[in-house]
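Asker: Could you look at this predicted model? Sequence included:
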Amino acid sequence: MEAGVSRTTTRQTAAAATAPRGRGPVVAALMLGMALAALDGTVVSTAVPQIVGDLGGLSVFSWLFSGYLLAVTVTLPVYGKLSDTFGRKPVLIAGTILFLVGSLLCAAAWNMGSLIAFRVVQGLGGGALQGTIQTIAADLYPLKERPKIQAKLSSVWATASVAGPAAGGLLAGYADWRWIFLINLPVGLLALWLIARHLVEPHRAAQEGPVEGRRKVSVDWAGALAIFATGTLLLTALVQGGIAWPWLSAPSLGLFGGALALAGVTVLIERRAAEPIIPGWIWRRRTISAVNLAMGALGLLMVAPTVFLPTYAQAVLGLGPIAAGFVLSAMTLSWPISAAFSNRVYNRIGFRLTAVIGITLALLVLLAFPFLPFPGEPWQPALLMLLLGGALGLFQLPLIVGVQSTVPYEERGTTTASVLFCRQVGQSVGAALFGALANGVLAARLGADTDLDSLAHALDNADDTLRHAVDAAVDYVYLGAAAAAALALLALLTLAPRRFPVLKEHKEQ
């Protein structure tokens with residue numbers, strides 16, 4: 001009886017917390033926090049020459065991105081569980097502070113090793129930003145209005161993809177590369193102030209009722225450490241395999257073997273934990289497991305446009321770096337627009353069918369890419385990316401909104417984090433698989449010792465042989481991305497229920 005009253009009280013206070021009045025400042029804070037995470041990679045990428053010129057470390061500079069990615073990915077499940085246990089507000093505040101401390105340390109770095117270490121600190125905070133912001137967005141808006149906030153957050157990513165490289169280049173060229181990290185401080189402090197002042201959370205169900213009836217809160221720190229260690233070994237093997245060492249070398253096999261062993265230890269720890277970081281119900285519930293697999297496939301296929309399309313635009317189409325970026329930006333422009341209007345579709349035909357339509361359209365677009373003429377015109381791949389963004393907007397948002405609507409408030413953080421975690425892992429796997437695929441095609445066409453990295457310096461003056469080789473390599477990558485889209489489609493059709501089991505509390509909002 002008391003549990004029922006506690007759950008009812010939580011629902012009522014949650015509804016009160018999502019009242020429209022006072023929501024604007026919190027939304028502004030969420031967008032500022034998302035901007036910190038979204039701009040981080042794109043701004044830094046254009047300043048790499050200046051950073052390397054100042055600090056050295058050319059052979060390891062890729063860890064500026066890999067280290068950050070590792071830290072974000074492996075902390076997502078931990079922050080998701082912590083936000084369900086202690087609330088979203090303290091987790092977001094702590095994560096933002098950690099991100100800002102990392103930014104300040106990055107600006108003070110004295111060599112490449114210290115900068116990489118401080119980027120990892122940034123990533124430890126970035127995991128809280130990405131996961132908790134998405135969860136708070138679902139808390140703030142009822143089911144029918146949720147596409148509004150998701151579209152706003154998507155627009156932040158779209159703006160970052162276009163403005164980030166330009167901002168990074170300007171700061172590095174006309175000021176100093178350290179300002180790339182210092183500029184985070186005023187933005188983050190403003191977001192912190194808005195969150196601390198305006199975000200009001202519902203009371204935790206575990207803290208309601210008489211003292212003797214309260215549930216003791218326990219944190220599965222052993223599980224968190226095991227997950228962190230497992231993810232670190234696995235992602236390091238995926239990120240560095242085929243680059244820092246051959247895939248079948250001792251370091252690569254050792255990392256994969258260690259990750260497999262630690263995964264077994266993690267499962268044992270999580271089964272015995274009172275409050276596991278990754279609860280078993282994440283994979284026992286058909287809807288959540290299907291969405292997780294589909295989002296992992298989305299991360300896999302996104303490697304094709306985000307990583308390989310700029311290379312294609314420069315080597316095959318002969319565009320400069322900025323123009324190549326605009327070819328990719330067509331996707332980021334149509335994605336949030338499609339997402340904003342997706343509720344008109346899924347409110348009529350359901351979450352699963354909307355996502356199925358979106359990923360089917362994406363599959364067709366990806367299959368069309370290899371049929372582009374050689375060398376072709378820039379508008380042709382840009383048009384395909386515009387269509388791809390529209391298709392993926394119909395695919396991703398209904399899945400996120402739908403799966404969040406199948407769980408109560410106290411499980412939403414864990415569920416959202418699992419979705420984002422699978423997408424991040426998919427990106428790492430995709431980078432490894434498609435990188436190996438592209439290098440294999442190039443080696444077959446140009447010579448056994450040729451790969452994308454060794455050809456980077458030759459893109460500006462690529463001859464016909466090189467252009468044809470890059471064109472063929474990217475075509476194969478897009479076919480691989482189409483296979484990933486087919487896997488996502490298969491997961492939805494075979495695992496996801498026809499109608500997502502939306503909880504009554506969401507329908508009544």
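Answerer: The structure has been received and is ready for your questions.

Asker: Is Phe256 in contact with Ala237, as I believe?
Answerer: Yes - using C-beta atoms under 8 Å, Phe256 is in contact with Ala237, at 5.1 Å. For every residue, glycine as well, the C-beta is placed using N, CA and C.

Asker: who has more neighbours, the two?
Answerer: When neighbours are counted by other C-beta atoms under 10 Å, Ala237 comes out ahead of the other of Phe256 and Ala237, with 22 against 17.

Asker: what's the pLDDT at the closest residue to that one other than its chain neighbours?
Answerer: Closest residue to Ala237 apart from its sequence neighbours, by C-beta to C-beta, 6 or more residues apart in numbering: Leu255 at 3.7 Å. With respect to pLDDT, Leu255 has a value of 91.

Asker: Confirm that Leu255 sits in a helix.
Answerer: Yes - counting by DSSP: H, G, I helix; E, B strand; the rest coil, Leu255 is found in a helix.

Asker: contacting residues for it?
Answerer: Taking C-beta atoms under 8 Å, 6 or more residues apart in numbering, we find Leu255 in contact with 233-234, 236-237, 241.

Asker: right, and the helix or strand after the helix or strand containing Ser155?
Answerer: Using DSSP states H and E, Ser155 falls within helix 146-174. Counting by DSSP H and E, the next helix or strand C-terminal to helix 146-174 is helix 179-182.

Asker: I'd like the average pLDDT over that following helix.
Answerer: In this model, helix 179-182 carries a mean pLDDT of 86.

Asker: Go ahead and confirm Pro378 touches Gln314.
Answerer: No - because the distance of 11.0 Å does not satisfy C-beta under 8 Å, Pro378 is recorded as not touching Gln314.

Asker: ok, the residue nearest to Ala237 to Leu384 distance?
Answerer: If you measure Leu255 against Leu384 using C-beta to C-beta, to the nearest Å, the figure is 36 Å.

Asker: Over to Leu98?
Answerer: When distances are taken as C-beta to C-beta, Leu98 and Leu384 turn out to be 39 Å apart.

Asker: again with Thr416
Answerer: Here the distance between Thr416 and Leu384 works out to 30 Å (C-beta to C-beta).

Asker: the longest helix in this structure is where?
Answerer: As assigned by DSSP state H, the longest helix anywhere in the chain is helix 409-446.

Asker: now that one: how far from the chain's centre is it?
Answerer: Here the centre of mass of C-alpha atoms in helix 409-446, compared against the chain's by C-alpha atoms, centre = their mean, to the nearest Å, lies 10 Å away.

Asker: what sits against the spatially closest residue to Ala71 that is not a sequence neighbour?
Answerer: Closest residue to Ala71 in three dimensions, ignoring its sequence neighbours and counting by C-beta to C-beta, 6+ apart: Gly123, at 2.7 Å. If a contact means C-beta under 8 Å, 6+ apart, then Gly123 has 67-72, 75, 102 as its contacts.

Asker: Give me the three-state assignment for Thr406.
Answerer: For Thr406, the secondary structure call by three-state DSSP comes out as coil.

Asker: What residues does it make contact with?
Answerer: Contacts of Thr406 were listed using C-beta under 8 Å, 6+ apart, and they are 285, 287-288, 415, 500-503.
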